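Asker: Just need the structure, nothing else, for what follows:
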Amino acid sequence: MERLKSDLESLGKIGKDPKGGVSRPALSEPDIEARLYVIEKMKEAKLKVYVDQGGNIIGLREGKVKEPFITTGSHIDTVLNGGMFDGALGVLGGLEAIRELNEDRVQTKLPIALVVFTDEEGNAFMPFAGSKYFAGLIDKSTLHAVEGKYEKISFGNALERFLKRSNAGVIERFSSTILSHLELHVEQGPILEVERKQIGVVTGIVGVHRIWMNFNGKQAHAGTTPMNMRSDPMISASATVTKVREIVLGRGKDLVGTVGYFQVSPNVVNVIAGSVRIGIDIRSLSRNDMLEVGKEVIDYARNVSEKEGVRLNYETYIENPAMCDETIVKTIEESVIQLGYQYMKMPSRAVHDSQVMSEITKIGMIFVPSKGGISHAPDEWTDFEDAYKGVEVLKLTLLKLAGS
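Answerer: Below is the predicted model of the structure:
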């Protein structure tokens, strides 16, 4: 456990934010420093290390046969002023599991690959940039042309900046067959802690349906414009915000809906707004449920806007839900029971690289508790003892899947 603790603490110091958290946007200078740290640790663990054209770091541990591979891993990029465990535990926990296999002198039948995916958070370039490239869902030229959000630099140029400092091998794409992918992660929610469970066995990862709505009215004086002569986008936008909650609660299903983004222009107290933009986030394990709720919200926003004389336009983004493989879920369960830990089956309500990996292979996820359910914040915390329990489950599950 001490080695894992040391790695997490060391990585957590890279990109330390003055506000108290960690800021490592993908392929930024802090992220590159973190990547170099991980590559060095991989090499110390006798892994053959490569970087592909999606910026993904891939550490290979040989098996008795050349393929198929069992992969594990996560990401080390963070949101701005985020926490030190999100993603990092999946990478460093996977590394620790492999180191212990080495120390136990276990040669698995199947080879194992530890993968560090690029820009899972999407703050720097695009969500799941690395895993989408790894899975073949985006081509090199398209990805390399994406312009940065955090820095004014293309993905391709940012990657080249990293490759010049990396002493890993460079490959176009990982081309070997992958039998299954496992990801260890902090829960990022309060359920395991509240239920007093040490391990969460993930059954599926929710999808996300995001709707960005622009309500355009007529900017005017707040005092001199009669109430019946206004085109006020704040009215239709505010009504839509409350309607999202009403629709989701009325469904009575395992859905969540949030309006976490609200931008008003000109945002002045004595001016009727000219435009309002809101961001809606709908999540479910059912794609159909997400789409139905989204349609209902859009229809409502369109109707209320017409009544207010407001113009509505919108764009949508969908990340499909992914179910974990039943055999892998059962294997994780067996590992937890063998180790004697308390566990529960649960969905992941946050999105992960494993979601993308489900497009090309079978997936499984292991959760450990998050203190207070806090994540994406400086106060994000998981006790190191709990984190190491997750590593033990990951190690045993890797052994079962890779064979000996």
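Asker: And the pLDDT at the most centrally placed residue in the chain?
Answerer: Most central in the chain under Cα atoms, centre = their mean is residue 352, positioned 3.7 Å from the mean C-alpha point. The model reports residue 352 with a pLDDT of 96.
Asker: do the same with residue 287
Answerer: 95.
Asker: shouldn't it be in contact with residue 207?
Answerer: Yes. At 5.6 Å, residue 287 counts as touching residue 207 under the criterion of Cβ atoms under 8 Å. Where C-beta positions appear, they are placed from N, C-alpha and C, glycine not excepted.
Asker: Would you mind splitting this structure into its domains for me?
Answerer: The record's domain split for the chain, according to automatic domain parsing, is 2-206+321-402, 207-319.
Asker: Can you work out which residues contact both of residue 287 and residue 207?
Answerer: 318, 320, 321 (Cβ atoms under 8 Å, 6 or more residues apart in numbering).
Asker: The second one - nearest residue in space that isn't next to it in sequence?
Answerer: Meaning residue 320. Here the nearest residue to residue 320 in space, its sequence neighbours aside, is residue 207; by Cβ to Cβ, 6 or more residues apart in numbering that works out to 5.0 Å.
Asker: Which stretches in the stretch 301-404 of the chain count as strands?
Answerer: 311-319, 322-323, 343-348, 362-368 (DSSP state E, counting those that start in this stretch).
Asker: I'd like the ones you listed written out as TSV, with mean pLDDT, mean neighbour count and distance to residue 198 added.
Answerer: Formatted as TSV, the strands of the stretch 301-404 of the chain follow (pLDDT from 0 to 100; neighbours: other Cβ atoms under 10 Å; distance: least, Cβ to Cβ, whole Å):
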stretch	mean pLDDT	mean neighbour count	distance to residue 198
strand 311-319	96	15	29
strand 322-323	97	19	24
strand 343-348	97	20	7
strand 362-368	98	26	7
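Asker: mind checking which of those strands is nearest residue 49?
Answerer: Ranking those by their distance to residue 49 (criterion: Cβ to Cβ) puts strand 362-368 first, at 23.2 Å.
Asker: The closest one vs strand 343-348, what angle?
Answerer: Regarding strand 362-368 and strand 343-348, their directions subtend 110 degrees when assessed with axes from the mean of the first three to the mean of the last three Cα atoms, to 10 degrees.
Asker: What is strand 362-368 packed up against?
Answerer: Packing contacts for strand 362-368, counted by 3 or more Cβ pairs under 8 Å, 6 or more residues apart in numbering; DSSP states H and E, involve strand 178-186, strand 199-205, helix 326-339, strand 343-348, helix 353-357, helix 384-402.
Asker: Of all those, which one is nearest residue 252?
Answerer: Minimum separation from residue 252 across the helices and strands packed on strand 362-368 (Cβ to Cβ) falls at strand 343-348, 16.6 Å.
Asker: Isn't residue 26 up against residue 121?
Answerer: Yes. Using Cβ under 8 Å, residue 26 is in contact with residue 121, at 7.2 Å.
Asker: of those two, who's got more company?
Answerer: Counting neighbours by other Cβ atoms under 10 Å for residue 26 and for residue 121 shows that residue 26 has the greater number, 30 against 22.
Asker: that's a helix at that one, yeah?
Answerer: No. With DSSP: H, G, I helix; E, B strand; the rest coil as the criterion, residue 26 is assigned coil and is not in a helix.
Asker: Which secondary structure element is home to residue 131?
Answerer: Assigned by DSSP states H and E, residue 131 belongs to helix 129-134.
Asker: Other residues contacting that helix?
Answerer: With Cβ under 8 Å, 6+ apart as the criterion, helix 129-134 contacts 26, 52-56, 75, 115, 117-120, 122, 126, 138, 140, 143, 146, 155, 173-174, 353, 356-357.
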